[in-house]
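Novice: this is a predicted model, with the sequence first.
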Amino acid sequence: MSQRLFATILLFSSAANFAHSQNGATVFQPNIKPALEIRRAAGPIQIDGELNDAGWADAARAKNFTEIRPGDQTKPPVETESLVAYDDANLYIAFFAHDDHPNSIRATLQDRDAIWQDDFVGIMLDTYGDGAWAYEIFANPLGIQSDARWTSQNEDDGFNIIYHSKGKVTAAGYQVEMAIPFSSLRFPDKAVQNWRITFFRTHPRDSRRQYSWSTVSRDDPCFPCQFGTMTGIENVKPGGSLELLPSVVGFQAGSLREQDSRFVNQKVDGAASLGLQYAFTPSLIAEATYNPDFSQVESDAAQIDVNTPFALFYPERRPFFQEGSDLFDTWYNAFYTRSINDPVVAAKLTGRMNRTSIAYVGGRDEHSPLILPFEERSAILQEVGRSTSNILRAKRTFWEDSYIGGMATDRCLDGGGSGTLFSADGLFRFKKNYRLEWQAVFSHTKEPKNANLTAGISQRQTHFDGGKHTTAFDGESFNGNAMYASFEREARHWNFDFDYWASSPTFRADNGFVTRNDDRRASFWTGYFFYPNNKIFDRLSPAVIAGRFWNYSGVRKDNWIRPRINVQFKKQTQVFLGSVFSTELFRGAEISGIRRIELNVNSNFSQPVTFGFWLSHGRSIARNLSKPLLGKGTDFQAWATLKPLQRLVIQPEYSYSTLDTLTNGKNIFAGYILRSRVNYQFTRELFLRMIVQYDNFGKGLSLEPLLSYKLNPFTIFYLGATQQYFDLDPADGARDFTQTSRQFFMKFQYLVRI
């Protein structure tokens with residue numbers, strides 16, 4: 001539940017150009033799209049955090065940072081200065097982060113990509129200069145790294161590149177030194193580079209203060225469009241065109257045998273795999289992998305689904321699919337990379353030619369899952385057999401932060417059956433504060449002839465699309481379509497968003513994540529933002545959202561209104577308060593009087609303790625009953641991050657859900673999930689982690705110890721285990737856990753750049 005860097009940054013920046021003087025006094029003047037010309041390093045630079053190498057002697061300097069949050073283009077309370085140089089192999093960045101109270105600096109020795117609550121510095125870099133996406137490359141005062149890729153749709157913190165960094169806390173604050181290999185970046189294949197950049201610092205104290213070298217306008221929602229310009233880089237190329245990623249895994253599994261309740265261990269087994277990446281140019285990269293080990297060393301956190309009729313989304317963690325994944329982002333999720341579940345071979349091509357990007361992913365999958373969307377629920381088939389998938393994406397940017405794109409996906413099942421999809425989408429920003437978003441999708445489905453796969457589905461629902469088609473896999477073919485349109489305003493104070501979604505009863509996305517069809521939706525959100533920035537508040541934002549659902553037969557399914565207010569207090573504490581009023585038609589029953597109150601609190605008030613919780617209480621539909629009814633219940637989630645030592649991080653989480661009938665208070669369901677992650681960091685590279693999770697709904701306990709040595713995101717060594725225990729007789733009231741499965745595993749993976 002950590003705060004991300006730019007989740008609210010566009011609400012906390014401004015565009016006013018201050019006067020040079022006021023009443024005879026000098027007034028702070030921010031940098032508006034500044035320019036920085038850098039030079040080759042005057043000598044060698046060693047990344048050790050000391051900043052006394054000869055290579056820094058003639059480095060370009062970025063100064064005069066602006067506070068953009070919570071201050072509104074004001075002078076920061078502390079100074080920040082950056083140094084920049086380069087050589088044939090690397091871009092070098094250094095920071096002097098001054099601080100009047102060095103003892104207050106927040107820095108934790110922990111795993112990569114886990115520093116977002118610390119002090120940190122870094123750069124945002126748009127190498128193509130069109131505002132479509134940007135690198136985020138950061139380090140905390142100890143040199144611990146975090147990187148991500150920014151797009152107008154989201155920030156992908158699963159994105160990783162290789163770079164080198166060291167940090168050091170000093171009597172005057174802290175300093176950080178970075179070397180970013182050009183082989184880790186994608187940029188135009190030109191002799192002279194002209195990049196957009198801003199240098200950035202997060203300074204969490206009374207507020208989560210953020211300072212930028214290039215100021216940002218609250219009236220301009222295109223963040224990279226406001227970066228400064230960095231020139232002077234000439235005749236650089238990636239350091240090597242070929243990368244090899246071999247890995248070996250060893251494992252032993254065991255499970256409880258049902259027929260005699262004996263725990264049986266299998267033989268020790270192992271496998272080897274190889275990944276290859278070849279850079280034709282700095283912007284055209286091909287990748288392939290054979291027999292990849294795509295198993296996760298950390299399980300997905302369990303989600304409560306006892307009253308949820310639709311499939312749950314889990315994020316992608318496999319590095320092969322994360323690189324270039326932003327290109328495949330569309331409003332209707334046409335390509336969900338986890339639909340390629342267990343490929344024996346996979347290939348990928350990503351390229352950029354001026355403003356045109358292309359991407360291709362193909363895979364031969366051994367165990368393919370499938371989501372079947374219907375009007376009021378999803379059906380999930382964990383495996384429909386072997387399949388071959390091909391996904392092609394093209395996207396062209398124009399103006400600033402605008403684009404038009406297309407996508408085609410196809411999955412063919414062995415033995416018959418396929419799903420094909422074509423999509424066109426775009427974003428047009430105009431008059432700076434307004435934008436139009438749209439997507440049109442066409443799908444063609446040919447079912448396999450294997451009714452056994454859908455036997456469980458057909459028992460609950462036999463037909464769809466008004467009885468025209470059966471839910472059984474009986475070889476039917478049909479077409480479907482979907483569309484999305486949105487008109488939005490993003491500005492300093494008043495904002496709105498009008499959305500329309502529609503998906504026909506026969507629309508499917510076999511390679512995507514579409515959980516519902518036969519659905520039309522219209523919604524309108526509007527909010528106003530106040531920035532008092534006083535001793536109590538940083539921001540106040542009241543808002544309201546209203547919407548309506550109906551199906552393709554014109555039957556109203558749901559309508560709702562949600563008033564809400566979001567308050568950002570000092571001490572990095574955010575409070576959200578809202579309510580829901582709704583009337584819904586579910587499984588033929590008209591259910592009115594749905595109303596809930598919702599409260600969300602997040603606080604990063606101190607270095608050793610951060611916490612948050614989510615509470616929803618009121619009347620909701622009991623969807624898990626054969627005859628749905630209105631009940632009264634509570635959903636509650638709580639989480640915390642505890643740092644008793646600089647090397648030790650403890651993260652407990654608790655989720656609880658209960659629902660009772662309104663008439664007699666009889667409990668319909670109740671349960672909780674308790675999960676805790678404990679991480680001890682011996683060095684920057686070596687850590688020991690333990691995850692413990694208890695699922696009260698399924699009466700299951702899991703233990704996941706892991707020892708990890710991570711030289712970089714791709715060169716890694718893992719030694720761990722997963723163990724599952726279940727209470728096989730929960731009716732007796734005692735918690736008697738029996739081990740039902742166990743796996744020990746080892747993995748070694750090493751990146752070779754040639």
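Specialist: Arrived safely.
Novice: which residue sits closest to Q303, ignoring its sequence neighbours?
Specialist: L312 (5.1 Å; C-beta to C-beta, 6 or more residues apart in numbering). C-betas here are computed from N, CA, C, even on glycine.
Novice: what's the local residue count around that neighbour?
Specialist: L312 has 13 neighbouring residues, counting by other C-beta atoms under 10 Å.
Novice: how far away is the residue nearest the centre of the chain from T337?
Specialist: In the chain, the residue lying closest to the centroid (C-alpha atoms, centre = their mean) is D156, at 4.7 Å. Going from D156 to T337 by C-beta to C-beta, to the nearest Å gives 12 Å.
Novice: any shared contact partners between the two?
Specialist: S325 (C-beta atoms under 8 Å, 6 or more residues apart in numbering).
Novice: rewinding a little: would you check that the residue nearest to the centre of the chain makes contact with F328?
Specialist: No. Applying C-beta atoms under 8 Å as the test, D156 and F328 come out as separate, 11.0 Å apart.
Novice: just for the stretch 201-350 of the chain, where's the confidence low?
Specialist: 239-240, 294-300, 323 (pLDDT under 70).
Novice: what segments of it are helices?
Specialist: Taking DSSP state H, counting those that start in this stretch, the helices of the stretch 201-350 of the chain run over residues 319-322.
Novice: what's near enough to touch the residue nearest to the centre of the chain?
Specialist: A148, R149, Q322, S325, D326.
Novice: same question, L719
Specialist: L706, L707, F745, M746.
Novice: so where is the stretch 1-150 of the chain shaky, pLDDT-wise?
Specialist: 1-25.
Novice: try it again at 80.
Specialist: Within the stretch 1-150 of the chain, the set of residues satisfying pLDDT under 80 comprises 1-26.
Novice: roughly how far does the nearest residue to I161 once chain neighbours are set aside sit from K747?
Specialist: Spatial nearest neighbour of I161, chain neighbours left out: S184 (4.1 Å); criterion: C-beta to C-beta, 6+ apart. Counting by C-beta to C-beta, the gap from S184 to K747 is 23 Å.
Novice: now do A543
Specialist: For A543 relative to K747 (C-beta to C-beta), the value is 46 Å.
Novice: list the buried residues in stretch 116-132.
Specialist: Neighbour-count burial for stretch 116-132 flags 116-132 (criterion: 16 or more other C-beta atoms under 10 Å).
Novice: which of the residues you listed fall in strands?
Specialist: If you go by DSSP state E, the buried residues of stretch 116-132 have F120, V121, G122, I123, M124, L125, D126 in strands.
Novice: with the residues you listed in mind, which one is nearest to P532?
Specialist: Distance to P532 across these (C-beta to C-beta) is lowest for F120, with 26.7 Å.
Novice: hang on, the earlier thing: beta partners of the residue nearest to the centre of the chain?
Specialist: R149 (DSSP bridges).
Novice: one more: G631?
Specialist: Beta-bridge partners of G631, as defined by DSSP bridges: S620, T661.
Novice: number of nearby residues for it?
Specialist: By the criterion of other C-beta under 10 Å, G631 has 24 neighbours.
Novice: then T641?
Specialist: There are 20 residues near T641, going by other C-beta under 10 Å.
Novice: P315 touches G158, doesn't it?
Specialist: Yes. Contact criterion C-beta under 8 Å: P315 and G158 qualify, at 6.9 Å.
Novice: about what we covered before: pull the most distant pair out of the contacts of D156.
Specialist: A148 and S325 (11.8 Å).
Novice: quick one, what contacts M690?
Specialist: R677, V678, L703, E704, P705, L706.
Novice: of these, grab the buried ones for ChimeraX.
Specialist: Selecting the buried subset of the contacts of M690 in ChimeraX, with 16+ other C-beta under 10 Å as the burial test, is done by:
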select :677,678,704,706
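Novice: strands - which of the contacts of M690 land there?
Specialist: R677, V678, L703, E704, P705, L706.
Novice: which one of those residues is nearest to H493?
Specialist: R677 (39.8 Å).
Novice: now name the helix or strand holding the spatially closest residue to the closest one that is not a sequence neighbour.
Specialist: Take R677 and drop its neighbours on the chain: the residue closest to it by C-beta to C-beta, 6+ apart is Q651, 4.5 Å away. Using DSSP states H and E, Q651 sits in strand 648-661.
Novice: how far off centre is that strand?
Specialist: 21 Å (C-alpha atoms, centre = their mean, to the nearest Å).
Novice: tell me the mean pLDDT over that strand?
Specialist: For strand 648-661, mean pLDDT is 97.
Novice: which one's more surrounded, P315 and G158?
Specialist: Legend: neighbour count by other C-beta under 10 Å for P315 and G158, higher for G158 (19 against 11).
Novice: contacting residues around that one?
Specialist: By C-beta under 8 Å, 6+ apart, the residues touching G158 are P315, E316, R317, Q322, S325.
Novice: repeat for I536
Specialist: F569, K570.
Novice: how near is it to K571?
Specialist: 10 Å.
Novice: same check, this time on V609
Specialist: V609 is 12 Å from K571, by C-beta to C-beta.
Novice: if the nearest residue to D269 once chain neighbours are set aside is in a bridge, with which residues?
Specialist: For D269, ignoring the flanking residues on the chain, the nearest one in space by C-beta to C-beta, 6+ apart is F251 at 5.9 Å. Counting by DSSP bridges, F251 forms beta bridges with D269, F745.
Novice: Y552 and W438, how far apart?
Specialist: 20 Å.
Novice: what sits against the spatially closest residue to Y718 that is not a sequence neighbour?
Specialist: Leaving out its chain neighbours, the residue that sits closest to Y718 by C-beta to C-beta, 6+ apart is K747, at 4.4 Å. By C-beta under 8 Å, 6+ apart, K747 lies in contact with S247, V248, V249, G250, D293, V297, I716, F717, Y718.
Novice: cool, and K557?
Specialist: For K557, the contact set (C-beta under 8 Å, 6+ apart) comprises E375, D519, F549, W550, N551, E584, L585, F586.
Novice: at 7 Å what do you get?
Specialist: F549, W550, N551, E584, L585 (C-beta atoms under 7 Å, 6 or more residues apart in numbering).
Novice: quick one, phi/psi of the residue nearest to the third one when sequence neighbours are not counted?
Specialist: For N551, ignoring the flanking residues on the chain, the nearest one in space by C-beta to C-beta, 6+ apart is D518 at 4.9 Å. The phi and psi values for D518, taken as degrees, to the nearest 10, are phi 50, psi 50.
Novice: per-residue pLDDT of D518, please?
Specialist: 97.
Novice: with that, I have no additional questions.
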